[in-house]
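Asker: give me coordinates for this.
(one chain, ligands or ions: 1)
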Amino acid sequence: MNSQLEPAVVADGLRVVRGDREVLPGVSLTVPRGEVVGLLGPSGGGKTTLLRSIVGVQVVAGGSVSVLGQPAGSAGLRSRVGYMTQDASVYSDLTVRENLTYFAAVLGVPRDRVEEAIAEVDLADHADDRVDRLSGGQRSRVSLAAALVGRPELLVLDEPTVGLDPVLRRDLWDLFHRLAAAGTTLLVSSHVMDEATRCDRLLLLREGRILADDTPHGLLARTHAADAEEAFLALIDAEVRA
Ligand SMILES: Nc1ncnc2c1ncn2[C@@H]1O[C@H](COP(=O)(O)OP(=O)(O)OP(=O)(O)O)[C@@H](O)[C@H]1O
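Answerer: Here you go, the predicted model:
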């Protein structure tokens, strides 16, 4: 299949058990290329577990996940997939620029990507600040820059806008769409339902099950809801009644 047409992610019957809980009982989904796909749902619903399975760091009990045409976690995907976790994944005793220079070297990408990534997350004024002297929101943007620096084809972002003010949130969503327009696929988790309207497509995940896989417009039309939160509740009610 032409790699441009091949989906970025295909999960088929993905089953994950964590501790003694079956967190994902058998998830099947497709993430098309070049779109901003929101993974939304309540806390504890399995979003992080699903994202971990896609980047290949989660032990999987069954089913399969294919990423950019290869099994999730394959060595060949290392520089093609960027992952931003909820916890800071950068060195707190290094400056912003030192961190990104390090990650660029690990990934073997040109040095000019360092300054570009710093600018993309709007941290140029803090490039020489140590990460442990930054605010929480600034620190999470350093992690985002680390995920961006290698220009991955798939960016997996776990709650990247948490704790950010509305202006920064808007700027980051604008950045996500610029990246998607240039061909990057973004899978972005959030438990903030009002971020749904900023996505090209939505996956609604609750208790390990995909309740909806649709465009924001399609979801509202199908549920006759005024917003994503209402649509989500309508889908849960429909499931309970079924
Ligand atoms: N290390 C772990 N060991 C055992 N169970 C875990 C572990 N991490 C998460 N879980 C359980 O897996 C379930 C799904 O957690 P997960 O972090 O994937 O949800 P989430 O939707 O990302 O939540 P949040 O929005 O709060 O991050 C939860 O019930 C949680 O208790």
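
Asker: the lowest-mean-pLDDT helix or strand in the chain close to the ligand?
Answerer: The weakest-scoring helix or strand in the chain, judged by mean pLDDT, DSSP states H and E, is helix 228-241 (a mean of 85). No - using CB under 6 Å from any ligand atom, helix 228-241 stays clear of the ligand, with a minimum separation of 13.5 Å. All C-beta atoms are positioned from the backbone trio N, CA, C, and that covers glycine.

Asker: remind me what that helix packs against, helices and strands.
Answerer: Helices and strands touching helix 228-241, by 3 or more CB pairs under 8 Å, 6 or more residues apart in numbering; DSSP states H and E, are strand 201-206, strand 209-214, helix 216-223.

Asker: averaged pLDDT, the last one. What do you get?
Answerer: Averaging pLDDT along helix 216-223 gives 92.

Asker: what's the angle from the least confident helix or strand of the chain to helix 216-223?
Answerer: Put simply, helix 228-241 runs at 40 degrees to helix 216-223, going by axes from the mean of the first three to the mean of the last three CA atoms, to 10 degrees.

Asker: what's the following helix or strand after the lengthiest helix in the chain?
Answerer: What stands out as the longest helix in the chain, according to DSSP state H, is helix 166-181. As assigned by DSSP states H and E, the chain's next helix or strand after helix 166-181 is strand 185-190.

Asker: do I have it right that T49 meets L14?
Answerer: No - contact between T49 and L14 fails when scored by CB atoms under 8 Å: they sit 9.4 Å apart.

Asker: quick one, which of these two is more surrounded?
Answerer: Taking neighbours as other CB atoms under 10 Å, T49 and L14 compare with L14 leading, 25 against 22.

Asker: need the three-state assignment for the more buried one.
Answerer: When classified by DSSP: H, G, I helix; E, B strand; the rest coil, L14 comes out as strand.

Asker: then V156?
Answerer: Note that with three-state DSSP, the state of V156 is strand.
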